[in-house]
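Asks: Sequence plus the predicted model coming up.
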Amino acid sequence: MTIESYEEFARQRLDHNRQRLALKEQQEQRLTITHSGGQFRITVELMALLSTWDNEHILYLVDDYDNPVRIDDPADMLTKCKERWYEIMNDWHNQHEELRKVRRVEQL
Amino acid sequence: MSKGALLLATPHESIDYIGFAKLAAKLVEKHLGVETHIHIGEARPGNSRPFRWHTGEVVTVPWYNSDRTLAYDLSPYDETLLIDVDYLTFNDNLKQYFGSNNEFLCYDQVWDVTSTDSFKHDRWMTRAGHPMLWATVVYFRKCDLAHNIFEMMKNVQANWRYYAKFWGFTAGKYRNDFSLTIAHQLMNGYASGIHFNHPLASLSTVDSIYEVKDDELKIRYVDGDSFNAVKLKGVNLHCMNKACLQDPEIYGALNDYSNI
C-alpha cells in the first residue's frame, strides 16, 4: 500500500466516525420521556429500576431538570419507556447497519 | 392551557424570512401537532450582519432582530415554543416540554452536525469566558420568571452599549443570544438556570443542505480545503445558511415534505 492509500483509508475512517457520531447524537436526543410532569432520559438503569419497583411503595425520581417527581404509576412509565426505547433503538440500529455496509459515507 | 409555537418574521430585501416562517410553522404543526402563530414585524433599520455563504460569497445585509424581546407580549399562548424561522423541525422531541414543570428553557450548547466545530467562537460571549445561551429555540410558560427575562432583555436591548461595556463584549450589532444570556443570568439570581437537556443541532452559514428526501437531509460541509458530506434523518436543525434554504429546489422539497 502506498502512503496515499493509507491517507485515503484514514479519511474514510474519519468520515465513518463522524457519521456514527451524528447518528448517536441525533438518536440520543430523542431518548427522553415525559411522565408525571417530569422529563427523563431513558436509560437501562431507569428501566431496570422501574421494572423491579414494587407498586406498594411511592416512587420519587429526580428528573433531568433536578426536580423531584412523584411517579404515581411506575408500571405505566416503564411501558412508555420501553415503547420509546424500542422506537429509537430500532431506528438507530437500522441506520447503523446501513452505515456499516458502505465503505464510503458518500454511498449512503 | 393553550399551547403553540410563535415565529417572528420580518419582510426583508434579499432573504425570504416570511417564506421561511411559513415553512417552519408547517413543520412544527406536522411534528408537534400544536398551533402556530407567525408575527410579521416591522423592518426597523439599524442593525446589519455579514453572512458568508457556502459559495464563498460574503454579503452584509440588514438584520431585523429587534422583535424577539416582545415574544412574551406577542404570544397568544399560555405555553409557547418560540422558534427561529430557520429552525426546521423533523421530530416530536420538543412536544414533551408542553405540560412539563419547566418555566423557561433555552439551549446552552450547540451541536455542529458536521462535527467540524464550526461554532467554537460561539461558546462564550465575553472576553472573560461567560458561556453563551442560544435564543434560537425558547420554551416558556406565562409566569413571572419568563416575563422578567423578556423584560430584562428589553432593558439590555435599550442599553446595549452599557451592558456590552459592563459584561465585556464588543458593542457591535445587537444580538438576541447575548441579551438572553444576560437576562437569563440576572433573573436566575446571578446564576445559571436550567436549559434543554440536549444540544441545539446546527448548520453553519458555510455548510449547506444539498438534498432533501422526506425527513432525510444530506449536508455538504467545508472540510479543510475540500468538501465532505453527512446524512441526517429525523433531526431538528437550525439551518443558518439562509442562501441554501432559499434555493428553490431545497425549499420546494422541504415544503412538499411539510405538506404530506
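Replies: Structure received.

Asks: Now do the buried residues in stretch B:107-118.
Replies: Across stretch B:107-118, burial judged by 16 or more other CB atoms under 10 Å in any protein chain shown covers B:107-116, B:118. For the C-beta atoms, the positions are set from N, CA and C on the backbone; glycine is no exception.

Asks: Show residues contacting it.
Replies: A:18, A:21-22, A:25, B:119, B:122-123, B:131, B:133-134, B:136-137, B:192, B:195-196, B:199-204, B:206-207, B:219, B:221-223, B:228, B:230, B:232, B:235, B:237-238 (CB atoms under 8 Å, 6 or more residues apart in numbering or on different chains).

Asks: In strands, which of these appear?
Replies: B:134, B:136-137, B:200-203, B:219, B:221-223, B:228, B:230, B:232, B:237-238 (DSSP state E).

Asks: Residue 72 - how many residues pack around it?
Replies: Using chain A. 12 (other CB atoms under 10 Å in any protein chain shown).

Asks: sorry, should have said chain B
Replies: Counted with other CB under 10 Å, B:Y72 comes out at 22.

Asks: what helices or strands is the helix-or-strand element of chain A with minimal mean pLDDT leaning on?
Replies: The weakest-scoring helix or strand in chain A, judged by mean pLDDT, DSSP states H and E, is helix A:3-28 (a mean of 88). For helix A:3-28, the elements it packs on are helix A:74-101, strand B:226-233, judged by 3 or more CB pairs under 8 Å, 6 or more residues apart in numbering or on different chains; DSSP states H and E.

Asks: For those, which has the smallest mean pLDDT value?
Replies: For the helices and strands packed on helix A:3-28, mean pLDDT drops lowest on strand B:226-233, to a mean of 88.

Asks: Give the buried residues for stretch B:92-102.
Replies: B:93-95, B:97-98, B:100, B:102.

Asks: I'd like those written out as TSV, with secondary structure added.
Replies: Formatted as TSV, the buried residues of stretch B:92-102 follow (DSSP: H, G, I helix; E, B strand; the rest coil):
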residue	secondary structure
B:N93	helix
B:L94	helix
B:K95	helix
B:Y97	helix
B:F98	coil
B:S100	coil
B:N102	coil
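
Asks: where's the dip in pLDDT among the residues you listed?
Replies: B:S100 (85).

Asks: my guess is that one contacts A:G38, does it?
Replies: Yes. With contact defined as CB atoms under 8 Å, B:S100 reaches A:G38; the gap is 7.3 Å.

Asks: Out of the buried residues of stretch B:107-118, list just those in strands.
Replies: B:107, B:110-112.

Asks: Just give me the closest of those residues to chain A.
Replies: Distance to chain A across those (CB to the nearest CB) is lowest for B:W111, with 5.8 Å.

Asks: Next one: the closest one from A:L21, what distance?
Replies: 10 Å (CB to CB, to the nearest Å).

Asks: which residues sit against the helix or strand that the least confident helix or strand of chain A is followed by?
Replies: The helix or strand immediately downstream of helix A:3-28 is strand A:32-35, counting by DSSP states H and E. The contact list for strand A:32-35 (CB under 8 Å, 6+ apart) reads A:39-42, A:64, A:69, A:71, A:76-77, A:80-81, A:84, B:93, B:96-97, B:99-100, B:197-198.

Asks: about what we covered before: out of the helices and strands packed on helix A:3-28, flag the one nearest B:K213.
Replies: Closest of the helices and strands packed on helix A:3-28 to B:K213 is strand B:226-233, at 9.3 Å (criterion: CB to CB).

Asks: Give me the contact status of that closest one with chain A.
Replies: Yes. Strand B:226-233 reaches chain A (CB under 8 Å from any CB of the partner chain) through B:228-233.

Asks: if we take those residues, which one ends up nearest to A:M47?
Replies: Of the residues of strand B:226-233 next to chain A, the one sitting nearest to A:M47 (CB to CB) turns out to be B:K233, at 24.8 Å.

Asks: What does the pLDDT read for the residue lying closest to the closest one once chain neighbours are set aside?
Replies: The shortest distance from B:K233 to any residue other than its chain neighbours is 4.7 Å, reached at B:E216 (CB to CB, 6 or more residues apart in numbering or on different chains). Listed pLDDT for B:E216 reads 93.

Asks: go on, B:G224?
Replies: 80.

Asks: For it, give its distance to chain A.
Replies: 10 Å (CB to the nearest CB, to the nearest Å).

Asks: What residues does chain B have near chain A?
Replies: So far as CB under 8 Å from any CB goes, chain B lies against chain A at B:91, B:93, B:96-97, B:99-102, B:111, B:113-115, B:194, B:197-199, B:201, B:228-235.

Asks: what's the residue positioned nearest the centre of chain A in contact with, if anything?
Replies: For chain A, the residue nearest the mean C-alpha position is A:E28 (4.0 Å; CA atoms, centre = their mean). A:E28 sits next to B:H198 when contact means CB under 8 Å, 6+ apart.

Asks: What of the one 10 residues further on?
Replies: Shown here is A:G38, whose contacts under the criterion CB under 8 Å, 6+ apart are A:61, A:63-65, A:67, A:69, B:100-101.

Asks: filter these to the buried ones?
Replies: Judged by 16+ other CB under 10 Å, buried ones among these: A:61, A:63, A:65, A:69, B:100.

Asks: Just list whatever residues bridge to B:K231.
Replies: B:K218 (DSSP bridges).

Asks: distance of it from B:E211?
Replies: 9 Å.

Asks: Identify the contacts common to the two.
Replies: With CB under 8 Å, 6+ apart as the test, B:K231 and B:E211 both reach B:217-218.

Asks: Between the two, which is the more surrounded one?
Replies: Between B:K231 and B:E211, B:K231 has the larger neighbour count (other CB under 10 Å), namely 21 against 14.
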